[in-house]
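# No sequence on hand, only this structure:
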């Protein structure tokens, strides 16, 4: 595979520099012309808190929103989370808000492809519908996971219909999505409540999207609330999941595949913070002792971040395609490296941005400065699905020490 | 001295809990009724980027803006930088922007008192004028240090007058100051250019204050530009300093006294971040393994920050009152602990705020959240006078290794 | 108080540079002539694992082993743990094994003085006996705390006598002690077992000291086992303590006073590692970027370590002399700063020694090198009384979060 | 490739768990039966400072000392530094001293294979001789790099002979080597002095090996001095290198290949420290908050260490086989990831061992304890070829900032 750039770190093996697959190569190539424009507009969208609609239109036109849809449904066929994450990282170097939104769409393609191959029959039919919609360029699908207090519920509504009611927060690109996939709780007549993922159009009666996003960072991501007030949904539009309140470690395989690519957002923030800073230092001819030492240490942190993440991505790609006799063990083998990589990425990325501000000086404290934006954006990494730091420690230590959690 | 609160850490010796002097005790007592109101209004001022005018009016009415003015000139007579810093810390727990502005006024009182006692005759006369103005409650004096590019110059303008021309940035509370002290360069007929501090009224013709502050943090501090366009100043309104470009380590004594109290801003940000977070954890009944460990580690960082800072303040108070045979040695003995404390405060404070956000969860990523504000504010600590990190490393290592810098 | 040396850090306020009391000043002065000889012999004692008997003889001759005995009993009257710790630090700069042993003797004086003033009548009588023995120069008293497995027991032996049986480990200077104070469990006829401290001569029949110390570090400290096989002890030689298994936070006041001075051992190791290293760098004329940065950072760590420790010592000195309405609260107010200081000292000291080895290069990996010895010695800090890291986290987090432990 | 063990981390992709090549697979399999015996004997060899002769005999018998010799010369044909490093790591988990010695032999095979393929004609002939000697099981070849002060010199001795004179330190397994490769300086009649590597038998007249190794760690590695006093060597036994004092970045390719595998020593020390510690915690049923948190953090550090190292090894394997248009650029592309990985490995490994001691408690401070040995051994990592930390910072920062070094 030919080298894409002259940047030495893109030639380093195992450091999240190169795509692993031809499809990933195509995606990276398709993204390249969009990046300068995204980077140029990022400060303005961040300052005004506006969603970069034009970038999404242009990416749609180039097929990028269908990148992870199989080719037979009209997409580019990217199936490696390594390559997905690399694409997300490149975008985040330009604009982290776009990256966080696009990840939602692209990881949907990967999980739907998985659902298509391994899901139950009803899930397979629905997954194919979603993939065809995404492949046709008609659908921008946002995911609504986090409840604003009480749990979103799906209840029988008669005539084969169900009614969805609840309020979700942090739904990125919600005002611009054509559809949503909403996690909810459903209560069967007997037995435990079950998890369910509900697919519905943004035009469903009862669905409203207040324009109320006001994040410290990721300001252009339109991560607003979405309210579901008795939204009617047919049986065919549900992905039924397992019972709630029962430990299901096998499910961590899917959680890994759907969330790990998001780490590319923080890797991209850190990498671009470093590149901006080093360019400035070269221009000023800085060579003070502390500057030299700090630059070497920043680069070491980036290497640590990139290699830990690349390994966890390769691991996810390997086990996404490989069954193990014990599906719980497979869940743990996928989740543990993801969680270690998450800790490493979050810490290295935050430290890199901070040290870059120190290297750059007081100008970087201005609100519109590229480093100030990255400083605000990078903090989101600790709040991503599926675990808090405390949850991760509970699980990781339980697995090592044979304890309960 | 009786304990001021039941908070155990305020009873710990040497941990920046208690005032060292009766005057400091009075200042802390005078501040107490103002703090709840400042804390309640902080989010709004931060969100709107408005200067808390009402707080400054109320503090003026209570004599707080004259706290460091000797009693014979109408002030409270606070002279210990330890106690000044403690007061700044308490305010910063409520609103860091107010703290950074008030520090400018209060450290002025301390340095003017020093000028009055040790300065040259002309400086003594001018210092007394400033102290009387501050003591009368008429003056809010801002300092303008940092040039926006070219150096601010003071040139002879005939008839015993001088003309000041230049542009300064990061001048906190500039639109609300009644006077400014401006550092500039003056060129004598012969010899090296000298440093000069110019005192002038905010109403001086040629002085303008554009309302253009847009910081990532410290948004309520009105740290705008100030432009001086041929502002005429009489000879009596100048503090003449030494020649520029000549190493003057003795001058570090004054730099320490005038800047070290600012570290209280970051100590206060971190302490209040911790208190908000722990209150939330108690309410939620959190006791996960990682939560317990992280809380203990956060408290250890706060202890480290408070004790390093208290020691450097005590050291500054000691040597402010004590001459040494070698004034350069005195400068180094005051500056080195200040710089070590600055490193420790900046690192501990930033780490505490970050860990508090992780402990609190995604809600803290909302722009108006008290922790989000503190995350933005705390980063300013690295950019404070007089040295960058690289400058500090150059000097500190030179003193230890007998090298040049 | 006049400055003792030209070392600038000994002139810094609040940084463990100067004694706080005239008695402490005398102790530091009395130690000074012993330090060069101790430093010169340290490598040999470490290599051979021999106890520095000659140093103890010479210190005994100069009254140093009675430093903390009140003057009316023949001692120097040092009563400040700050000054005790400073003395321990100075010795540890020369030989950490001597420091760890001497601390045992000197902290005994402080706790016996406390027992004399506040203990029960029987305890007061016994405390005075110990103080007189120490003051006369006859006694070197070692403490035996840690059981080698089963708990050491004191049982009634008839005729007003008791019999002590058990095996203790890590009893520093055991083969050279004239007496021991041994913590044991006693079982009253009814009720809970109680703690008891047993005082007995090294010549008591049944007491044996196998010469079996083989530590990774602190090799010259003769921290061997001591075996008690039915050693008979009269009732008058017991300090009776509270019931076992009942939380007694008030007791943490005494634990703080008796153990906090030991932190001076690790502070002294780190400080001398730095001084040796910087002297070597000056000799080699090192000024590489990383060297300058690392030296500044090492010095910042030392400042952090010294100021956190000095504050915790001042705090212990304050509350040792001051009752509070709630004795449990007093215990916590003394213990919490001690534990924070312990974390800071242990981390800073270890990091300083490691960075000094990196700065010095491969020569420091030779077993007899002063830095290699310090690297081995410094690790002992984590294992000192009274809490492990996990215990400390449990308590400190419980106090902050209102949890149980 | 089938999984070699049930240890989940050996199944993780990109985490230094599995061999990359069939030859590496064979080497790992051949090593397996030796490891338990090495581990069992390690404490005794460490305590007595004895070289594990029996292990080397048994490994020789199984062909392990010829593992990196091409199969046509009688070896196992391992050519991947990734797989070499993995083998070194496995051995270091048992005994780090054996690992450091064996690395010397095995990396020689790799560099000689490279010399055979790319060296000058005389070098090719000599390389084949060495490979045949190693393949036959006759040769244990030690490398002598570091001068004890003055530079080792090779001078013309007439009759086509040369005379080698000098003193080398830190020559691992020197008393047991059959041959040495010695780096020296040669002075041609005209022009700059050149570097030369001299191959000679341990029985060469004038060569002596004093038995004087006394390291703080790696005590069983017999890393003694070797003295060369006018040792005569024929022209055919020299590898001629480039001129000294001229920057030769292309040469960093070879330095990377010959040294990077040594990082496996420190990775193995850390991994086994963790495994011993976790086994102890499980046995004791530890589940304190700080224990759980620390175990999760230790495992995250190990993941960081393993993934950064695996990536740097893969990178070295890639570019060892691939020419680039600019050989200096190739040197940098190989060296930079090696140096980043070295920083990450050294820091993570040291931190892991320290935290394991804290988790284990005071027993680990006994000299013969498996963790005490690892604590002493792990520190050697900072002193390995080719760069000190200061040198690495100079180069890495120069490459990023376009500066000189």
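That came through fine. Since we're looking at a predicted model, the values are computed, not measured.
# Grab the nearest non-local neighbour of residue A:112.
Distances taken as CB to CB, 6 or more residues apart in numbering or on different chains put residue A:127 closest to residue A:112, at 4.4 Å, once the chain neighbours are dropped. Where you see a C-beta, it was placed from the backbone N, CA and C, and this is true even at glycine.
# Tell me if I'm right that that neighbour and residue A:109 touch.
No. Residue A:127 is beyond contact range of residue A:109, at 10.1 Å (criterion: CB atoms under 8 Å).
# neighbour count winner among those two?
More neighbours sit around residue A:109 than around the other of residue A:127 and residue A:109, counting by other CB atoms under 10 Å in any protein chain shown; the figures are 27 against 22.
# Contacts only, for the more buried one.
With contact set as CB atoms under 8 Å, 6 or more residues apart in numbering or on different chains, residue A:109 has these partners: A:66-69, A:75, A:78, A:131, A:134.
# anything in the helix or strand hosting residue A:396 near chain B?
Secondary structure assignment for residue A:396, by DSSP states H and E: helix A:389-401. Yes. With CB under 8 Å from any CB of the partner chain as the measure, helix A:389-401 is seen reaching chain B through A:389-394, A:397.
# Just the buried residues of these.
Restricting the residues of helix A:389-401 next to chain B to buried positions leaves A:389-390, A:392-394, A:397, with burial counted as 16 or more other CB atoms under 10 Å in any protein chain shown.
# Specify which member of these is nearest to residue B:206.
Closest approach between those and residue B:206, by CB to CB: residue A:389, at 55.2 Å.
# which ones are touching that closest one?
Going by CB under 8 Å, 6+ apart, residue A:389 touches A:343, A:382, B:290, B:294, B:358.
# Swap in 6 Å and give it another go.
B:290, B:358 (CB atoms under 6 Å, 6 or more residues apart in numbering or on different chains).
# Same question for residue A:160.
Neighbour list for residue A:160: residue A:235 [criterion: CB under 6 Å, 6+ apart].
# In three-state terms, how would the residue nearest the centre of chain A be classified?
Here the mean C-alpha position of chain A is nearest to the C-alpha of residue A:262 (CA atoms, centre = their mean), at a distance of 3.2 Å. Counting by DSSP: H, G, I helix; E, B strand; the rest coil, the backbone at residue A:262 sits in helix.
# And the strands in chain A?
When secondary structure is read from DSSP state E, chain A shows strands at A:141-144, A:146-147, A:153-158, A:161-171, A:179-186, A:194-201, A:207-208, A:224-234, A:238-243.
# re earlier: out of the contacts of residue A:109, which end up buried?
Judged by neighbour count, with buriedness set by 16+ other CB under 10 Å, the buried members of those are A:66-69, A:75, A:78, A:131, A:134.
# Just give me the closest of the residues you listed to chain D.
Nearest to chain D among the buried ones among the contacts of residue A:109 is residue A:78, at 18.6 Å by CB to the nearest CB.
# What is the neighbour count of the residue nearest to that closest one when sequence neighbours are not counted?
On the basis of CB to CB, 6+ apart, the spatially nearest residue to residue A:78 that is not a chain neighbour turns out to be residue A:23, at 4.4 Å. In terms of burial, residue A:23 registers 21 neighbours under the definition other CB under 10 Å.
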